[in-house]
Each structure stands twice: as C-alpha cells, then as structure tokens.
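Engineer: The following block contains a protein sequence and its predicted model.
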Amino acid sequence: MELIHRTKLDLVHKHYAGGNFLIEVAERIQAYLERNLSREYASVLSEPVINETEGTIDWYSEYAGELIEARDFNDIQKSAAATQLEGFSEKILLLSEESTDATIAEWLHGLFVIPREQSSVFLHEGKLVIANWGLLDAGTVAPEYSLREFSGQFLSPQKDTEDEESSSPEIPETNDSPSNEGEIRHIIDKNTDDINEESKKTIFFYDSEDAPWWWSTKGFLWSALLSILLFAFIFYLLLRHCAIGIPFSSSLNSMLLNYCPSDSFAPVIPDSEKLSILSELEQRLRDLPDCPREEIVEPIIPEPELPDEPERPSIEERGGIRGKVDISLLWNNQNDLDLYVICPNGQQISYKRKINCGGQLDIDMNVRADELVSDPIEHIRWDDIPESGTYSVLVKDAQSRNGNRTSEFRIDIVIGGEETSHAGVVDYGQVVTVTTFSIP
C-alpha cells in the first residue's frame, strides 16, 4: 500500500448514503466490488484511513510506481484515464441496477460523489485510482460535483479551431443577375420577419392564449395590487400596536392612527423613592435564614478497563516472536480488530501487507469464524531497530460479532525493554489513530 494523497478533514465532510458514511464502510464496498466484478475494479477506489493525529484522511493505493495527478495529464494520459473511468462507471451503474439490496445500490451511486476543490483522480503505474470518493466540499449539504462532471471538464478532448471552422455552414454562391438578387432579398426579408415574430412570442409569451392567467399582463397587475394592499395592512397593524414609529412631530403621530398614546408609558419614580425601595429589599434579604449549602460532588467517570487478565496466553504461546520493537493489540471479545502501523515513508504494515518497512505482522486472530477466541491478540515486531522517523499506530474494527458493536482494547509498545500502554475504544467499521512513537 502506498500513500497517494492526504485530505484535510476541515476542508470536506463525509457523504451519507444507504444509512452510512461511505468512507466508514470502504472495506465492505471494496470487498463487494472484488466479489461481484474483480480485484482490478476494487483497486480503482483507494483505501481511506482517518488520521486523527494529523487531522487528515490518508488515501492508499495498491499500486506502486509513477503517480500522476489529473491536472498534470498529457493528451495520451487523459485519453487513457477517460477510457478507464468510462468502463468503471458503466460497470458500477450496471451493478447497482442489478443489486437487490437497496443499501448497496445507494453506496454504489455514492461512489461518484467527489469534492470540487480537491485532487481526486490519478494514474498510478498507468492504472486509474480515485481518491476523495464519498466526500463533499465543506459547507455543502448535498452532492454538487461528480466524477462525470470531472471527466467532462478535464478529460474530454478539446476541439480544434479547424474543426469548428469546418463545421460552420457554407454560404452558397449566387449569380450576380438582378433576378437572383431580388429572390435572395425576398428570402432574407421573409426569414427576418419570421425571426421577429418568434422573438415577439418569446418576449411576450405571457400574453399568449395558452399561458396561465397569473402569467398574463392582467394577472401581473392584480398580483401587484394585492401585494400593495397586504403591505399596507401589515404596516397598519405595526403602527397600531406601537411596533414601529414615524419620524415626525407628535401632532402628526396623533393624527395618524393615534400612534402610541402618552398614558401607555410607565410612571416616573423619584430617586428618593427608589432608594427607599432598595433599602427595604436589602433588609428583607438580611432577615432571610441562612440555608446550608449542599456539597456538589462531581461524578467520577471510570476510564476503560485494560484487558490484562493474568491467564491470557503470551505472545510466544500464540505463535509470535518478540523483537527489538514489539507492538501488541489486546481485546476481550470475538470481534475482528485489525492492527495497523503507518511507517514514516507512508507505507503500512497490516493484514493486507504483513511484511513491510522491516517489520512483520506475525499474529492475526479472530479472522476465521471457526477459530474465534475471547482473549485475542495481534502482534507486529521488528527484529532490528526500525528506520528513524515517526510511526502511527491505528486500530480498526473490521467485523463485529455477538452484538458487540463497541470494543475496548489496549496497545502495548515495547522499545528497548521500555513498555508503554494505551487504552482505547473502537466502534464497528471505525478506524482510530491510537498513538505515535518515534525512532531516533
């Protein structure tokens, strides 16, 4: 897996279709395409990983080699990308029509939604790869841009000027005889009259017999009159109840609808009387009995318990080997949690690529339904010190079982004999970035 693009989370938001955010069910969509089409079609969609530490969505491609963004395509690359995108679109639309599952059909239609302001189409080793699928531009509430619009805007070939000139109608040559000139002038005048009549119909179409009454001239005048009367009535109500004022003299105000009579104002209280009222209120407050104050006890929210039962089998008993750097994932149900490590070069170690960046995933549990345990573990090790840089540790709930939609887990990291632990919680279909560590 190779990192091809990073999208800032604050510039986009997720597209909701079929009861889910599409990128949160990315693995299920790719598995469906691979099962019903082929691995090649599933590989067109790059895999999204939410990196909460960096505030980005990282997109990974299964290919390796030269990566070209759509805005850098030459004519040959545009043609190749357009052909592959057209074939991919036809297959996806046909598959959505044949699907008996309405949720799957909505997911497949949502694959064509992309943000307008982000790079989304690439050629990776000559193969079409799409990122940012299932995302919208920040601030939009509905899909406004799609792969079809992108293809028509950036991948369609431009017509040459010569083609445009050749496609323009030719003006037939005519003889210079007076009879031909008169005939041509008659035709031009007739065509001009026809055009003027059509223009009149277009401009004054609301006076035609077929137009509805409210779109006629008479209907427009009646609508304007009713609007004026309604506005006058609302203005009268506001004046009558002192909601607005008129910037004129009081005599004019009294003449116009008797606006705000003077006896409606509150009486003026002298300052001496105000002081007397305040003194009386203060004395009443002093005479009130003191009430005991109840102590406010803040609730204590327990942290998630770490699955550290003493009877849990060790790494060696599970078939793994300890290295100079060890990363272990432990949880306490039969869900299938997956351990990911993103290396400094953007590549990853996971069940999809178990050996990479000098490390190796040697324990992967609860994958098969006939090999489930309630105290599973996954383990990645480096036999030698890894390359220097920052490594990210991620956890994904790939499959929930027995109604467990949420799983508590613990990550143990051992570097040079020093161990650190990190507890967390992951929901079904979610990918969380747990922590990072650095190798000097």
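Structural biologist: Good, I have the coordinates.
Engineer: and Glu317, which of the three is it?
Structural biologist: coil (DSSP: H, G, I helix; E, B strand; the rest coil).
Engineer: can you give me phi and psi for it?
Structural biologist: Phi and psi for Glu317, reported as degrees, to the nearest 10, are phi -70, psi -30.
Engineer: okay, now the domains of the protein?
Structural biologist: As recorded under automatic domain parsing, the domains making up the chain are 2-155, 189-260, 325-439.
Engineer: weakest of the ones you listed in terms of mean pLDDT?
Structural biologist: Ranked by mean pLDDT, the domains of the chain bottom out at domain 189-260, with a mean of 61.
Engineer: about what we covered before: make a markdown table out of the domains of the chain and add mean neighbour count and distance to Ser314.
Structural biologist: Quick note: C-beta positions are derived from backbone N, CA and C, even for glycine. Below are the domains of the chain laid out as a markdown table (neighbours: other Cβ atoms under 10 Å; distance: least, Cβ to Cβ, whole Å):
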| stretch | mean neighbour count | distance to Ser314 |
| --- | --- | --- |
| domain 2-155 | 17 | 30 |
| domain 189-260 | 11 | 79 |
| domain 325-439 | 17 | 9 |
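Engineer: Export the ones you listed to CSV and append columns for distance to Glu316.
Structural biologist: Output for the domains of the chain, formatted as CSV (distance: least, Cβ to Cβ, whole Å):
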stretch, distance to Glu316
domain 2-155, 30
domain 189-260, 82
domain 325-439, 10
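Engineer: How much space separates the residue lying closest to Glu117 once chain neighbours are set aside from Asn404?
Structural biologist: If the residues on either side of it in the chain are set aside, Glu117 comes closest to Asp137, at 5.5 Å by Cβ to Cβ, 6 or more residues apart in numbering. As judged by Cβ to Cβ, to the nearest Å, Asp137 and Asn404 stand 36 Å apart.
Engineer: cool, and Gly346?
Structural biologist: Distance from Gly346 to Asn404, by Cβ to Cβ: 32 Å.
Engineer: Could you do Phe88 as well?
Structural biologist: For Phe88, the distance to Asn404 - Cβ to Cβ - is 36 Å.
Engineer: Asp290 now?
Structural biologist: 53 Å.
Engineer: With Arg6 instead?
Structural biologist: From Arg6 to Asn404 the distance is 32 Å (Cβ to Cβ).
Engineer: Please apply the same query to Val325.
Structural biologist: Following Cβ to Cβ, the distance that separates Val325 from Asn404 is 30 Å.
Engineer: same thing with Leu85?
Structural biologist: 40 Å.
Engineer: just Arg381 next, same as before
Structural biologist: To Asn404, Arg381 is 28 Å away according to Cβ to Cβ.
Engineer: can you check Ile300 too?
Structural biologist: 25 Å.
Engineer: Walking through the stretch 51-200 of the chain, point out its helices one by one.
Structural biologist: Ranges of helices in the stretch 51-200 of the chain, per DSSP state H, counting those that start in this stretch, are 75-98, 102-110, 147-150, 161-167, 178-203.
Engineer: For the first one, name the packing helices and strands.
Structural biologist: The reference is to helix 75-98. helix 26-36, helix 39-42, helix 102-110, strand 121-124, strand 127-130, helix 147-150 (3 or more Cβ pairs under 8 Å, 6 or more residues apart in numbering; DSSP states H and E).
Engineer: can you check the shortest one too?
Structural biologist: Taking 3+ Cβ pairs under 8 Å, 6+ apart as contact, the helices and strands that helix 147-150 lies on are helix 75-98.
Engineer: For the helix it packs on, give me every contacting residue.
Structural biologist: 33, 36-37, 41, 44, 68, 70, 73, 104-105, 108-109, 111-112, 121, 123, 126-128, 147-148, 151, 154-157 (Cβ atoms under 8 Å, 6 or more residues apart in numbering).
Engineer: Distance from that helix to the middle of the chain?
Structural biologist: Taking Cα atoms, centre = their mean, to the nearest Å, one finds helix 75-98 lying 23 Å from the centre of the chain it belongs to.
Engineer: list the contacts for the closest residue to Thr406 other than its chain neighbours?
Structural biologist: In space, and not counting its chain neighbours, Thr406 is closest to Asp427: 5.3 Å by Cβ to Cβ, 6+ apart. Going by Cβ under 8 Å, 6+ apart, Asp427 touches 397, 405-406.
Engineer: and with 10 Å instead?
Structural biologist: Residues counted as contacts of Asp427 (Cβ atoms under 10 Å, 6 or more residues apart in numbering) are 24, 397, 400, 405-407.
Engineer: Surely Thr420 is in a strand?
Structural biologist: Yes - assessed with three-state DSSP, Thr420 lies in a strand.
Engineer: what's the closest non-adjacent residue to it?
Structural biologist: The nearest residue in space to Thr420 (Cβ to Cβ, 6+ apart) is Ile413, at 5.1 Å.
Engineer: Identify the bridge partners of that neighbour.
Structural biologist: In this entry, Ile413 is beta-bridged to Ile327, Thr420, by DSSP bridges.
Engineer: Is Thr390 in contact with Ile342, as I believe?
Structural biologist: Yes - the criterion here is Cβ atoms under 10 Å, and Thr390 meets it with Ile342 at 9.1 Å.
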